[in-house]
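> sequence-free structure coming up:
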């Protein structure tokens with residue numbers, strides 16, 4: 001139904017209530033009409049506006065029910081309507097709200113009491129505003145490359161116009177003023193009074209960063225978390241200078257230096273602001289998705305919900321008509337469709353990397369050509385939420401340590417612009433992400449020297465000559481490990497790559513490194529989806545699941561192929577000329593097996609780095625699609641176990657993580 005049709009119906013309803021002398025309902029219709037109007041003129045975004053609309057509509061339904069049951073019980077209705085009027089800013093002058101914006105250099109916002117009483121509305125606003133700011137940032141970065149693209153400019157202008165209005169309705173004056181000033185800058189560009197330049201776009205990006213900080217502060221206030229003041233005066237100054245045309249493309253100094261030179265701020269204020277900026281960036285980089293239910297939102301396309309409803313209708317009909325043979329098929333459809341609802345394009349993550357690369361390359365004075373492939377690849381929301389930090393750390397290290405400076409690249413006959421490529425693809429139930437660069441590569445000798453210095457050889461139980469390149473490269477994932485000669489505010493402290501490994505393993509994934517000196521480095525991250533295919537195996541009465549991703553083959557070795565090693569009888573076997581160590585899982589997990597003879601057992605051959613290992617089990621039961629469930633607090637320290645699942649017979653299946661299992665052995 002179109003907005004015009006909705007407004008027509010609301011006018012008809014209003015006339016009916018007026019004719020029947022029901023003034024108590026006329027006010028709710030007025031609010032519904034006001035919300036529709038705000039959506040039309042883009043003072044409210046469609047998503048937020050419609051959430052308000054349905055809140056009021058549900059209230060109207062309750063009021064009508066109450067009217068027909070008990071004509072005297074209307075206090076709740078009047079109180080709610082009055083509150084909604086205040087929350088939605090009916091009769092609020094946004095310009096007046098902007099005038100009331102605080103003049104202090106740093107602020108802590110205040111949420112009006114009437115809004116705190118219905119916090120879900122504010123949560124909707126925060127979610128929508130955050131998405132809009134992400135979109136605005138991406139378009140500004142595109143504008144840097146294509147300054148004549150009017151479509152991008154108009155889109156960012158509309159976003160700021162909407163944010164100005166919606167934040168004004170919540171009486172968030174600082175946010176409304178920031179959005180208003182940004183809108184003014186963009187308006188000056190649209191009417192050709194200002195020309196797009198890197199300096200002006202930098203001011204717009206800093207305004208977006210500050211708006212994000214204000215949204216983050218609102219979250220903290222909502223959930224009674226510790227709240228820090230946000231420096232906002234310097235951004236106001238930058239915006240006003242932009243609007244007056246005082247920041248132009250001829251100025252080559254950094255914006256902070258310009259403000260000091262013109263007496264807008266002192267050198268001490270600049271240094272303090274830069275220090276806070278670094279702290280804020282670190283917090284943003286390491287920020288995890290908030291767990292509060294109100295802000296953990298998934299936007300679902302309407303057609304997916306409609307299809308799910310159809311499947312559920314089929315399920316109800318099958319049960320009512322006792323067509324039990326159809327239940328497996330229909331529940332399978334429902335299961336697959338619900339899982340598809342949690343799938344999103346990985347470009348939701350990739351698009352956030354552009355800004356990071358822009359800032360880091362500028363700080364390092366390096367030219368970077370950033371290439372993205374496979375952004376349309378669908379991945380689970382768990383991956384969307386958890387993979388940004390690892391990718392960000394890999395790219396940060398590639399720019400700071402991998403890509404050479406311009407002079408070095410000229411000597412090596414390389415293009416002066418370094419290339420960083422991020423790609424995504426799917427291989428069955430596995431998501432493969434790759435981050436590669438054409439820089440100097442990893443230096444095996446430098447890594448070994450640092451490992452010797454940190455006395456890490458004893459951890460390998462091998463000499464360095466015996467280690468493969470992959471095993472040597474693994475040292476860079478150790479906490480505090482860094483071969484950098486100096487420490488910068490970007491990297492060099494050895495606290496980035498260990499985060500990569502930790503976060504990837506938390507997603508049940510693995511990282512593989514390939515590198516050639518002076519040619520570049522490639523990091524491959526393999527991640528399972530929340531549903532994976534695995535082999536269900538039995539050891540005694542226990543069930544285990546081994547992900548297909550890790551399996552090379554299944555075999556029962558012959559007696560003549562078994563070997564005794566280090567006084568361990570039949571602890572290895574020969575497969576295609578390669579010696580494969582056997583790990584009897586019944587010994588590792590202290591389970592009473594039905595089979596302890598390798599020639600009668602099943603050996604699951606696992607690929608691990610450049611070698612193979614054999615996991616010995618009693619029986620291979622079946623190949624099955626499974627839904628991975630996280631281990632709760634009582635089981636999260638089980639060795640070699642990454643999760644659990646409920647099998648078709650109702651038993652618990654423990655999901656084996658072959659990498660950690662082999663490391664433990």
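Okay, I see it. These figures come from a predicted structure and were not determined experimentally.
> give me the element residue 420 is part of.
Assigned by DSSP states H and E, residue 420 belongs to strand 418-427.
> what's the following helix or strand after that strand?
The element immediately downstream of strand 418-427 (helix or strand, assigned by DSSP H and E) is strand 430-437.
> residue 638 is in contact with residue 656, isn't it?
No. Residue 638 lies out of contact with residue 656 (C-beta atoms under 8 Å); the separation is 10.1 Å. The C-beta positions use only the backbone N, C-alpha and C, and glycine is treated the same way.
> the more surrounded of the two?
With neighbours defined as other C-beta atoms under 10 Å, residue 638 and residue 656 compare such that residue 656 has more, 26 against 14.
> do you know how far that one is from residue 551?
Separation of residue 656 from residue 551 (C-beta to C-beta, to the nearest Å): 11 Å.
> how about residue 374?
Taking C-beta to C-beta, one finds residue 374 at 25 Å from residue 551.
> could you do residue 647 as well?
In this view, residue 647 and residue 551 are 18 Å apart by C-beta to C-beta.
> please enumerate the strands of the stretch 151-300 of the chain.
230-231 (DSSP state E, counting those that start in this stretch).
> low-confidence ranges in it?
248-299 (pLDDT under 70).
> domains in the chain, as residue ranges please.
For the chain, the structural domains run 3-90, 106-265, 302-341, 345-528, 531-664, going by automatic domain parsing.
> in TSV: these, plus distance to residue 99.
TSV is the format used below for those (distance: least, C-beta to C-beta, whole Å):
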stretch	distance to residue 99
domain 3-90	15
domain 106-265	8
domain 302-341	40
domain 345-528	32
domain 531-664	50
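> spatially central residue in this protein, please.
residue 385 (3.2 Å; C-alpha atoms, centre = their mean).
> quick check, that residue in a helix?
Yes. Membership of residue 385 in a helix is supported by DSSP: H, G, I helix; E, B strand; the rest coil.
> show the pLDDT at it.
Listed pLDDT for residue 385 reads 84.
> try residue 467
Residue 467 is given a pLDDT of 78.
> ok, now residue 48?
Residue-level confidence at residue 48 comes out at 62, pLDDT.
> next one: residue 43
Per-residue confidence at residue 43 stands at 61 (pLDDT).
> what's the neighbour count on residue 184?
Counted with other C-beta under 10 Å, the neighbours of residue 184 add up to 17.
> likewise residue 197?
17.
> gap between the residue nearest to the centre of the chain and residue 520?
Residue 385 sits 29 Å away from residue 520, going by C-beta to C-beta.
> equivalent analysis for residue 664, please.
Distance of residue 664 to residue 520, computed by C-beta to C-beta: 33 Å.
> next one: the residue lying closest to residue 628 once chain neighbours are set aside from residue 537, what distance?
Nearest residue to residue 628, sequence neighbours excluded (C-beta to C-beta, 6 or more residues apart in numbering): residue 643, at 4.5 Å. Taking C-beta to C-beta as the measure, residue 643 falls 16 Å from residue 537.
> also residue 619?
The gap separating residue 619 from residue 537 is 7 Å, by C-beta to C-beta.
> give me the common contacts of these two.
Counting by C-beta atoms under 8 Å, 6 or more residues apart in numbering, the shared contacts of residue 619 and residue 537 are residue 602.
> comparing these two, which residue is more hemmed in?
Comparing residue 619 with residue 537 by other C-beta under 10 Å, the one with more neighbours is residue 537, at 24 against 12.
> ok so the more buried one is a helix residue?
No. Under three-state DSSP, residue 537 sits outside any helix and is assigned strand.
> thanks a lot, see you next time.
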